[in-house]
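In: 3D model of this:
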Amino acid sequence: MSDAFEVLSRDHEELKRMLLELETGPAMEPGATAPQLAARKKLAEKLLAEQSRHEAVEEEYFWPAVRERLAAGDRLADEAARQEQDARAMLDRIGKLDASDPGFEKLLAAFVVAGREHIAFEETRVWPAMRMALNIHEAAELGEKLESGKPMAPARPHPGVPPEAGLLGSAGPAATGGLRGVITGRGKR
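Out: Numbers count the residues shown, from 1 in each chain. Take a look at the predicted model:
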């Protein structure tokens, strides 16, 4: 069984891999071909789905634990929520653009920077304190919640929806936008 930090680390590694691939892959300006742009758009959509699910389960389970267990938990969770809300807005706009649109590359470049900063914030400012605050059983239980919440998490960003714990557990996929992903198969690996 994976603990919370192993679950989140796997997500972060996959997100960082996609960010690097998008950052270094062929873009419109240097003259990417239509198939390369289509592949780029598909990878951006996969990033959008993975990031959306990751943030949803964090909002549901991880950030409430941070608020509860750390003296500076409210401040840290509020900062993360602001970063995540900004990311949702960027991803929503990216999802609506074609890879040949000049705005696509500009937004994508901004998201790559913001995504890396957010991951670093979590890994260096939040995780060390949470590792000390949780015992091995609590970390494993939190990891199980994070893992089990992912299938219900929305695969699309919902920038107008404020981060709120309890949404996945009480409302399920239909209310969170996950039903659309379940029906269409969007975001599946």
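In: and the residue located most distally from the centre of the chain, what's its pLDDT?
Out: Largest separation from the mean C-alpha position in the chain: G31, at 29.6 Å (CA atoms, centre = their mean). Listed pLDDT for G31 reads 74.
In: distance check, it against R75.
Out: Counting by CB to CB, to the nearest Å, the gap from G31 to R75 is 46 Å. Quick note: C-beta positions are derived from backbone N, CA and C, even for glycine.
In: next up, phi/psi of A71, please.
Out: Backbone torsions for A71, taken as degrees, to the nearest 10, come to phi -60, psi -40.
In: okay, now it: neighbour count?
Out: As a burial measure, A71 scores 9 neighbours (other CB atoms under 10 Å).
In: distance of it relative to A133?
Out: 9 Å.
In: residue nearest the centroid of the protein?
Out: Nearest to the chain centroid, counting by CA atoms, centre = their mean: Q51, 2.5 Å.
In: element containing that one, please.
Out: Secondary structure assigned from DSSP states H and E places Q51 in helix 34-57.
In: for that helix, buried residues please.
Out: 36-37, 39-41, 44-57 (16 or more other CB atoms under 10 Å).
In: tell me which element G103 is part of?
Out: Assigned by DSSP H and E, G103 belongs to helix 102-121.
In: below-threshold pLDDT in this protein: ranges please.
Out: For the chain, applying pLDDT under 70 flags the ranges 27-30, 157-189.
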